[in-house]
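**Student:** Build me a model from this:
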Amino acid sequence: MTVQPIKDNNQIRVMLQFLERKGNMRDPLLLKFGLNTGLRIKDILGLKVKYLFNGGGELKEYLDLFESKTIKRRNRVLKKIRLNSKIRPVLAEYVEYYELEDDDYLFFSFKDPSRAIDRIRAYVILRQAAVYAGVENFGTHSMRKTLAYNVYTKTKDLALVMKMLNHKDPDHTLRYIGVDQHNIDSAYEEFAVEYE
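**Tutor:** Next up is the predicted model:
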């Protein structure tokens, strides 16, 4: 099974409703954060409050980090992610509600708040919501793919998506975001040239 982006925004809404009914702010934020930043789950779970907020408790405009996948390479790439208007108020409310300090993990474990939840726990949380919403071929990477898919479908700017994902090959990026034969067939139909 290849993990796919979530192409139906209604399914995202149902996932969020499912997570919100659990009664904590962490789980819905995990989905919202992943969908709005396009980060890999390993990078998301490693975030501490100080990476997002300055010492005075003010939310930074950008999250700057070296993505875990690029750290292994010789040419590390500093990723600069703008914290958009959708995620900013949610982050601020979350940190205030849980009274998180600079060195606290953003996605902390309820069992041991000094630690972040692990990738398996994050997968279980999100997978339950995906199953409930009828999302097929879901994995934690679906959040990253969903952001990229949405950027591509709204802008048709493949170069922009490649830059966001740090990809080098256009064909790989199209496969990655789930542009398939159905999308190609739809494009042939939608952009058919009128000649009569």
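**Student:** Looks like Tyr62 contacts Leu78 (just checking).
**Tutor:** No - if you go by C-beta atoms under 8 Å, Tyr62 and Leu78 don't touch, sitting 10.4 Å apart. In short, each C-beta sits where N, CA and C put it, glycine included.
**Student:** what residue is smack in the middle of this structure?
**Tutor:** Gly34 (2.3 Å; C-alpha atoms, centre = their mean).
**Student:** Mind giving me the packing neighbours of the host helix or strand of it?
**Tutor:** Per DSSP states H and E, Gly34 falls inside helix 26-37. Judged by 3 or more C-beta pairs under 8 Å, 6 or more residues apart in numbering; DSSP states H and E, helix 26-37 is in contact with helix 9-20, helix 41-45, helix 88-97, helix 119-133, helix 141-155.
**Student:** if you skip the residues just before and after it, what's nearest to Val179?
**Tutor:** Distances taken as C-beta to C-beta, 6 or more residues apart in numbering place Tyr152 nearest to Val179, at 7.2 Å, with adjacent residues excluded.
**Student:** got it, and Ala130?
**Tutor:** Phe138 (3.7 Å).
**Student:** likewise Lys7?
**Tutor:** Going by C-beta to C-beta, 6+ apart, Lys7 has Tyr149 as its nearest residue, at 6.4 Å.
**Student:** quick one: pLDDT of that neighbour?
**Tutor:** pLDDT for Tyr149: 93.
**Student:** Would you enumerate the residues in contact with the residue nearest to Phe108 when sequence neighbours are not counted?
**Tutor:** Excluding the flanking residues, the one nearest Phe108 by C-beta to C-beta, 6+ apart is Ala116, at 6.1 Å. Listed by C-beta atoms under 8 Å, 6 or more residues apart in numbering, the contact partners of Ala116 are 45-46, 105-109.
**Student:** Now restrict the residues you listed to buried residues only.
**Tutor:** 45-46, 105-108 (16 or more other C-beta atoms under 10 Å).
**Student:** Tabulate these in a markdown table, adding columns for distance to Glu20 and pLDDT.
**Tutor:** Below are the buried ones among the contacts of Ala116 laid out as a markdown table (distance: C-beta to C-beta, whole Å; pLDDT from 0 to 100):
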| residue | distance to Glu20 | pLDDT |
| --- | --- | --- |
| Leu45 | 20 | 97 |
| Gly46 | 25 | 95 |
| Tyr105 | 21 | 98 |
| Leu106 | 18 | 98 |
| Phe107 | 16 | 98 |
| Phe108 | 18 | 98 |
